[in-house]
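Undergrad: predicted coordinates and the sequence they were generated for:
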Amino acid sequence: MDGTVARVEMRSIRKSFGAIQALRGVDLTLKRGEVLGLVGDNAAGKSTLMKVLSGAHIPDGGQIYIDGHQVWFGDPEDSRSLGIEMVYQDFALVDNLDVAANMFLGREHVRFGLGPVRLLDKRMMEQESLRLIDDLRIDIECVNSKVKHLSGGQRQAVAIGRVTAFDAKIIIMDEPTAALNVISVGKVLELIAQLKSQGCSIIIISHRLEDIHKVSDRVMVLRHGRKVCDQPIQEDIHAFRERVVAYMIGARNDYTVYLDK
Amino acid sequence: MDDKKTDSSLRAFPLQQLLSIFSFREFSIALAFVLLCFFFWWQRPEAFLKLANLKVIMRFVATFGLLAIGEILVIITDGIDLSVGSMTALTGVLAATLMVKGVGPIPPLPILPSILLVLTFAGLVGRWHGFCVTKLQIPSFIITLGTWLVARGMAKFITRGYPIVFPLEFPFLELGQGEIFQIPVMFIILVAVAVIAAFILRSTTLGRHIYAVGGNIEAARVAGINVDRVRSFCYISSGVMAGLVGLLLASRLGQGTPTVGSTYELWAIAATVIGGTSLRGGEGTITGAILGAAIMGVMFNGMVIVNMSPYVQETVLGAVLVIAVTYDMWRRRRSTN
């Protein structure tokens, strides 16, 4: 396929909830193997935009293109079938099930099915989970340990590893490092870099600008439902933080100027 | 201890693999059961192991084991079904009415269609509970408490308070009174149902989804599991189990009685709890539930055999329940730390 075609292209996406305009015509592009940091103050529209991309919200206007083809998502299943996966903020894991069961939750391998009776292929799922964990160098020793016995970083790794089990092309992560300690944050950022090197395109929503700075190629700032900044990350962390915060709080508002070059 | 190390050494030494049996979840419950049996056998060796007595215990275990199987499915999904005791009365009365009296101008039905009708009715009641819990968002405690009253009331209304007696030698009575190779038919039914239920919970996607719904319902929904259907299945199963026990009890007693099975729902819940099920959902096994029912059966029976005052018996059972749950909580807390 032509390398110049963007993996994701969202054009002038609009979405209102009653009188509140959450998105007022937002564009987003994401290239193959690119990591995009999506930042903005609370209620800036980050989550809404990602829910539109993951099919959880149906936009009022605008178009979505995946690999150059226009698509329409009626529900999360539609977007999932195109390889778009979302890693939820609260990890969305089931504590009382083991790692392998969580990895394949809702999409279990079945040895054979007879109507409603579908026999689990546990061995296959365990092996697949082990392979994924090795591939992503996740630090979990046993896929049979229950998720509730894992640390926060390991849980996040399982949640991320989960989406890669289904050949995700585009991974959306909502605050992947918010609830983690320093060491775990490092591990999760390594994991993101690992996925990027495998060709995944990743969007990270985060308030932790230093994490965005470390792993992202580009940053996009939303404010009041509009895109106010979309630039590659080149400067050091201090300049980066200053610039992004300025856009977030509205101290700088020169995006249109930037567009015209 | 290092987890990985034990894991690999387990594979290496069969002896260690053998020893790992002692760490399985239900081991302490099984041990308690065996110790109880030894205790009563030691107290009254001539009475406890008598075949007739063992049959009494088996019938008891079958009754509460079947109810506990239905109950545990609901409890794993973080619900509760309080209707099962009253439902055994209503379904027993319905079965007797259908087979003996007939409904209005309709003459009595043959046995098999009656059984199927009663089980279907019980399943529909479970479906109703499922509908209320999933679509109307009514707490399971409330909606099944409603059925607890309504079913008991309907059983009394249908019979006007009098039992409907099956004629002697009526073939239906074989179900609750019959034996195959000295084993009560009821107990064989329990074993069959338990095997199926354990298979579903352990080896099918449905079973895994039941645990997932109980563990984290939002995560299950996000993962694309049809949460409402899974929960409905559990309530339907519990209803059908109550219907089955209603049939068995009616057959065992030779009559459909509106007063049968009162407080049975609590015994069923007690059996699951003794068997290590968490009332907060997400945990529990069929083996545990059956063992819980077995412990209760042996206790009930043994206390009679050793001539314990009936005034003390319930107190002792209550104490056993509290000790069992306290021990289980302590053990679980220790294993997580």
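TA: Yes, it's here. The structure presented is a predicted model; accordingly, all values stated were derived computationally and were not measured.

Undergrad: spell out which parts of the stretch 101-250 of chain B neighbour chain A.
TA: B:200, B:203-209, B:211-212, B:214-216, B:218-220, B:222-225 (C-beta under 8 Å from any C-beta of the partner chain). The way it works is simple: take the backbone N, C-alpha and C, and place the C-beta from them, glycine included.

Undergrad: just the buried ones from these?
TA: Neighbour counting by 16 or more other C-beta atoms under 10 Å in any protein chain shown classes B:200, B:203-209, B:211-212, B:214-216, B:219-220, B:222-223, B:225 among these as buried.

Undergrad: which bits of the stretch 101-250 of chain A sit near chain B?
TA: A:101, A:105-108, A:110, A:116-120, A:122, A:141-142, A:145, A:148-149.

Undergrad: filter the buried ones among the residues of the stretch 101-250 of chain B next to chain A down to the ones in helices?
TA: Using DSSP state H, the subset of those located in helices is B:200, B:203, B:205-209, B:211-212, B:214-215, B:219-220, B:222.

Undergrad: can you redo the residues you listed as a markdown table with pLDDT?
TA: Output for these, formatted as a markdown table (pLDDT from 0 to 100):
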| residue | pLDDT |
| --- | --- |
| B:I200 | 92 |
| B:S203 | 88 |
| B:T205 | 89 |
| B:L206 | 92 |
| B:G207 | 92 |
| B:R208 | 91 |
| B:H209 | 92 |
| B:Y211 | 93 |
| B:A212 | 92 |
| B:G214 | 91 |
| B:G215 | 88 |
| B:A219 | 84 |
| B:A220 | 86 |
| B:V222 | 80 |
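
Undergrad: nearest to B:L149, of these?
TA: Closest to B:L149 out of those is B:G214 (26.8 Å), distances taken as C-beta to C-beta.

Undergrad: so what's that closest one up against?
TA: Residues in contact with B:G214, defined by C-beta atoms under 8 Å, 6 or more residues apart in numbering or on different chains, are A:N96, B:I76, B:T77, B:D78, B:G281, B:G282, B:E283.

Undergrad: among those, who's most crowded?
TA: B:T77 (28 neighbours; other C-beta atoms under 10 Å in any protein chain shown).

Undergrad: wouldn't it be in contact with B:I210 here?
TA: Yes: between B:T77 and B:I210 there is a contact at 5.9 Å, judged by C-beta atoms under 8 Å.

Undergrad: overlap in contacts of those two?
TA: Joint contacts of B:T77 and B:I210 (C-beta under 8 Å, 6+ apart) are B:V230, B:C234.

Undergrad: need phi/psi at A:D254.
TA: With angles defined as degrees, to the nearest 10, A:D254 sits at phi -120, psi 30.

Undergrad: what pLDDT does it get?
TA: Per-residue confidence (pLDDT) for A:D254: 72.

Undergrad: quick revisit: out of the residues of the stretch 101-250 of chain A next to chain B, which are buried?
TA: Members of these classed as buried by 16+ other C-beta under 10 Å are A:A101, A:L105, A:G106, A:R107, A:E108, A:R118, A:L119, A:L120, A:K122, A:C142, A:S145.

Undergrad: now, those residues that are in strands?
TA: Per DSSP state E, strands hold the following members of these: A:R118, A:L119, A:L120.

Undergrad: now pLDDT and distance to A:T48 too, for these, in JSON lines please.
TA: JSON lines is the format used below for these (pLDDT from 0 to 100; distance: C-beta to C-beta, whole Å):
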{"residue": "A:R118", "pLDDT": "86", "distance to A:T48": "36"}
{"residue": "A:L119", "pLDDT": "83", "distance to A:T48": "41"}
{"residue": "A:L120", "pLDDT": "83", "distance to A:T48": "37"}
